[in-house]
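Chemist: Here's my sequence, what's the structure:
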Amino acid sequence: MLEIYRLGIATGNATFETEPPGWDSFTAARLPEHRFVAVDEAGTVLGWVACGPVSPRPVYAGVVEHSVYVHPDARGRGAGRALLAALITSTEAAGIWTIQSGVFPENTASLALHTACGFRTVGTRERVGRHHGRWRDVTLLERRSPTVH
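Modeler: As a prediction, this is how the structure comes out:
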């Protein structure tokens, strides 16, 4: 997982992070019951997905923010779709009604994957943060559950 995260960071279009967090920090921010890895027949990790709450306030208990990363060699083989499908299934079973994510507009593969999995674009957060010395926009995506109300 760590290497896949590092490879995503190296693209410059996956996250504002410049280094992966340590395991304690990573795990503290993500819900353990909504973390999945995709592996091939040989047991090689192809990608991962995880989510965490957007807020500690009770009113937002049904809203999570997720990240999904796929190894460059595994892209286009269905791992991302499988990971998002697993996340959608687990979050809906837990009563979570909204999954959201922020994606750099330049990350067209991630935007296409999310659209294919039922996410919609809410809007663009312009110049929301500086990344490697330049301002970056983020496209806010969400998937509202049709079954959890």
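
Chemist: Looking at the protein, name the residue that lies furthest from the middle.
Modeler: Ala42 (24.7 Å; Cα atoms, centre = their mean).

Chemist: Is that one in a helix, a strand, or coil?
Modeler: Assigned with DSSP: H, G, I helix; E, B strand; the rest coil, Ala42 falls in the coil class.

Chemist: So it versus Leu83, what's the distance?
Modeler: 18 Å (Cβ to Cβ, to the nearest Å). All C-beta spots, glycine's among them, are computed from the backbone N, C-alpha and C.

Chemist: Name the single longest helix found in this protein.
Modeler: helix 79-93 (DSSP state H).

Chemist: Show the average pLDDT along that helix.
Modeler: The average pLDDT within helix 79-93 is 98.

Chemist: Kindly report the same for stretch 42-52.
Modeler: Here stretch 42-52 scores 97 as its mean pLDDT.

Chemist: So which bits of it are buried?
Modeler: 45-52 (16 or more other Cβ atoms under 10 Å).

Chemist: again, but for stretch 126-143
Modeler: Counting neighbours by 16+ other Cβ under 10 Å, stretch 126-143 gives 131, 136, 138-143 as buried.

Chemist: Just give me the neighbour total for Ala86.
Modeler: By the measure other Cβ atoms under 10 Å, the count of residues near Ala86 is 16.

Chemist: Ok, Val68 next?
Modeler: 25.

Chemist: pretty sure it is in contact with Leu84, am I right?
Modeler: Yes - contact criterion Cβ atoms under 8 Å: Val68 and Leu84 qualify, at 6.1 Å.

Chemist: any residues in contact with both of these two?
Modeler: 49, 113 (Cβ atoms under 8 Å, 6 or more residues apart in numbering).

Chemist: Excluding chain neighbours, what is closest to the residue positioned nearest the centre of the chain?
Modeler: In the chain, the C-alpha nearest the mean C-alpha coordinate belongs to Ser67, at 1.7 Å (Cα atoms, centre = their mean). Beyond its immediate neighbours in the sequence, the residue positioned closest to Ser67 (Cβ to Cβ, 6 or more residues apart in numbering) is Ala50, lying 6.1 Å away.

Chemist: re the thing from before, what packs against the helix or strand containing the residue nearest to the centre of the chain?
Modeler: Ser67 belongs to strand 63-70 when assigned by DSSP states H and E. Applying 3 or more Cβ pairs under 8 Å, 6 or more residues apart in numbering; DSSP states H and E, we find strand 63-70 packed against helix 2-11, strand 45-53, helix 79-93, strand 98-103.
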